[in-house]
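**Q** The sequence isn't on hand, but the structure is:
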């Protein structure tokens, strides 16, 4: 079922383009296992950077708002169910203490998962207004950097004479590799290490 869902997300992005990207980013932030970083780079390789910024960023923000209110209504049990329990206490305390500053920082660091911070923020005492402003400000450069990286990769392949079909193929292969690493726990371990270092060394 999970594999079918992932395949459906990729097909949606390929078929519906801009609006498909928005829908994919919303779904990814709320429930999907595909990292937003991979999707934004995928889009950057085959779409205009401005479109990725507008439509991808919009989907990312909408998804983060929905995740925030799911957590606010469902409380810690739903957050643990959605993202696991390993980092919830540390991240919860960190976000509660540093507020919008912590949200903004984590939005700017691509390897820190968007959904984790979105859900945890919902069970803190943070005002939605502060959360929303920090999320919007942080999402813009995040999307821009990732889309630009994807665009560079696409440009290199284009300069070598590869067409759009090859770009899609390479992007999909890249997504499959990312999904494999995610399932094996390598990406999760990297994220946990970075989150732990940020919490322990930057804002104790």
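**A** All right, it came through fine. Remember, it's a predicted structure, so these values are computed and weren't measured experimentally. Residues are numbered from 1 along each chain as shown.

**Q** If you count neighbours, what's buried in the longest helix along the chain?
**A** Assignment by DSSP state H gives helix 128-159 as the longest helix of the chain. The neighbour-count check on helix 128-159 (16 or more other Cβ atoms under 10 Å) flags 131-132, 134-136, 138-140, 142-151, 153-154, 157 as buried. Every C-beta, even on glycine, is put in place using the N, C-alpha and C of the backbone.

**Q** For the protein, just list every one of the helices.
**A** Under DSSP H, the chain gives helices at 2-30, 36-46, 49-51, 57-83, 88-98, 100-108, 114-122, 128-159, 164-184, 186-197.

**Q** Against which helices or strands is the longest one packed?
**A** Read it as helix 128-159. Where contact means 3 or more Cβ pairs under 8 Å, 6 or more residues apart in numbering; DSSP states H and E, helix 128-159 is packed against helix 36-46, helix 49-51, helix 57-83, helix 100-108, helix 164-184.

**Q** repeat for the shortest one
**A** Secondary-structure packing of helix 49-51 (3+ Cβ pairs under 8 Å, 6+ apart): helix 128-159.

**Q** Isn't residue 47 up against residue 22?
**A** No: using Cβ atoms under 8 Å, residue 47 is not in contact with residue 22; the gap is 11.8 Å.

**Q** give me the low-pLDDT residue ranges for this structure?
**A** Along the chain, segments meeting pLDDT under 70 span 1-14, 17, 32-34, 83-84, 86-87, 89-90, 111, 157-204.

**Q** mind checking how far residue 35 is from residue 126?
**A** For residue 35, the distance to residue 126 equals 24 Å [Cβ to Cβ, to the nearest Å].

**Q** swap that for residue 68, please
**A** Here residue 68 is placed at a distance of 9 Å from residue 126 (Cβ to Cβ).

**Q** Equivalent analysis for residue 138, please.
**A** Taken as Cβ to Cβ, the span from residue 138 to residue 126 is 14 Å.

**Q** Residue 137 now?
**A** 15 Å.

**Q** ok, now residue 72?
**A** 10 Å.
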